[in-house]
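**Student:** Got a sequence here, can you build the structure:
(one chain, ligands or ions: 2)
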Amino acid sequence: MNVTSSEFKISAVGPAQYPQDGLPEIALAGRSNVGKSSLINRMLRRKNLARTSSVPGKTQHMNYYLVNQSFFFVDFPGYGFAKVSKQQREVWGQMIERYMLERETLKLVLMVVDLRHPPSKDDIMMYEWLTHYDRPICVVTTKADKVPKTRWPKHAKIIKQDLGMRPGDPFVMFSSENDMGKEELWTIVESYLGELKTLDERAAEAETNAEAEGPAAEEETAE
Ligand SMILES: Nc1nc2c(ncn2[C@@H]2O[C@H](COP(=O)(O)OP(=O)(O)O)[C@@H](O)[C@H]2O)c(=O)[nH]1
Ligand SMILES: [Mg+2]
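**Tutor:** Residues are numbered from 1 along each chain as shown. Ligands and ions are numbered 1, 2, ... in the order given. This is a model prediction of the structure:
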């Protein structure tokens, strides 16, 4: 992917704020502090677009980032942060659940886990949830730079096993400190995005269609 533009679009707390232009979406799910924002920044070659924060649980909304005017990265609120109230967790849970169930433009979920550790209970639950809704998932293990290279295969194996990964789901080892996994992840993301159209191209198409169908449609309503 040749990233020519990227911008923060909106912080959404529910469906009313989700963008309505029909652009495909790649969502990121994972624990607070696992490295979701850093991953987005790295993929987009931006230092600080998705704010990385040392304060876990700070991102409580779904943050939409528009890329190349043609698709979104959607940064989910991180889960598994102890200081968040039970009620707050339920609100997030419902929001995520609804999004997973109803969002037609969702093309792929990047399930982000830490390569250093076995997946948490929350990770396992999230993965089960996503597979339950039959959503396409790519497991991305981040912070690979913090694990000695010789241990990568062992850590990868444990994560795949503990999550109970579906054999067909892609798996990428990633680091936001260097370019490890970046090209591989772009190739996967692109394959799920399919053919891309920019907002302008979509608008032009809609106009052409309206012109072609316009008079007939008017006649119909006149009758
Ligand atoms: N060494 C290393 N640190 C990382 C990596 N990804 C994220 N971090 C650090 O982990 C912390 C949390 O990252 P952040 O992207 O804010 O996590 P988020 O809460 O999932 O969005 C920050 O201090 C990052 O600098 C990585 O691949 N390698
Ligand atoms: Mg974040």
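
**Student:** Going by C-alpha atoms from here, please, whenever you check contacts or count neighbours.
**Tutor:** Noted.

**Student:** Might you report the residue contacts of residue 108?
**Tutor:** Neighbouring residues of residue 108 by CA atoms under 8 Å, 6 or more residues apart in numbering: 25-27, 135-138, 189, 192.

**Student:** Next step: those residues restricted to helices.
**Tutor:** In this view, those that belong to helices under DSSP state H are 189, 192.

**Student:** Return the member of the contacts of residue 108 nearest to ligand 1.
**Tutor:** Of all these, residue 27 has the smallest distance to ligand 1: 12.4 Å, by CA to the nearest ligand atom.

**Student:** The closest one contacts residue 105, doesn't it?
**Tutor:** No - between residue 27 and residue 105 there is no contact under CA atoms under 8 Å: 10.3 Å.

**Student:** which residues in this protein form helices?
**Tutor:** Remark: helices assigned in the chain by DSSP H are 36-44, 86-102, 121-132, 152-163, 182-193, 199-222.

**Student:** Just the CA trace of stretch 95-111, in PDB.
**Tutor:** In PDB, the C-alpha atoms belonging to stretch 95-111 read as follows (Å, rounded to 0.1, in the frame of the first residue of the first chain):
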ATOM      1  CA  MET A  95     -20.800  -1.200  21.500                       C
ATOM      2  CA  ILE A  96     -18.200  -3.700  20.200                       C
ATOM      3  CA  GLU A  97     -20.700  -6.500  19.900                       C
ATOM      4  CA  ARG A  98     -23.100  -4.300  18.000                       C
ATOM      5  CA  TYR A  99     -20.400  -3.100  15.700                       C
ATOM      6  CA  MET A 100     -19.300  -6.700  15.000                       C
ATOM      7  CA  LEU A 101     -22.800  -7.900  14.300                       C
ATOM      8  CA  GLU A 102     -24.100  -5.000  12.300                       C
ATOM      9  CA  ARG A 103     -21.300  -3.200  10.600                       C
ATOM     10  CA  GLU A 104     -21.500  -4.100   6.900                       C
ATOM     11  CA  THR A 105     -18.400  -2.200   5.900                       C
ATOM     12  CA  LEU A 106     -16.100  -4.100   8.400                       C
ATOM     13  CA  LYS A 107     -13.700  -6.100   6.200                       C
ATOM     14  CA  LEU A 108     -11.100  -7.400   8.700                       C
ATOM     15  CA  VAL A 109     -10.400  -7.300  12.400                       C
ATOM     16  CA  LEU A 110      -6.800  -7.100  13.500                       C
ATOM     17  CA  MET A 111      -6.700  -8.900  16.800                       C
END
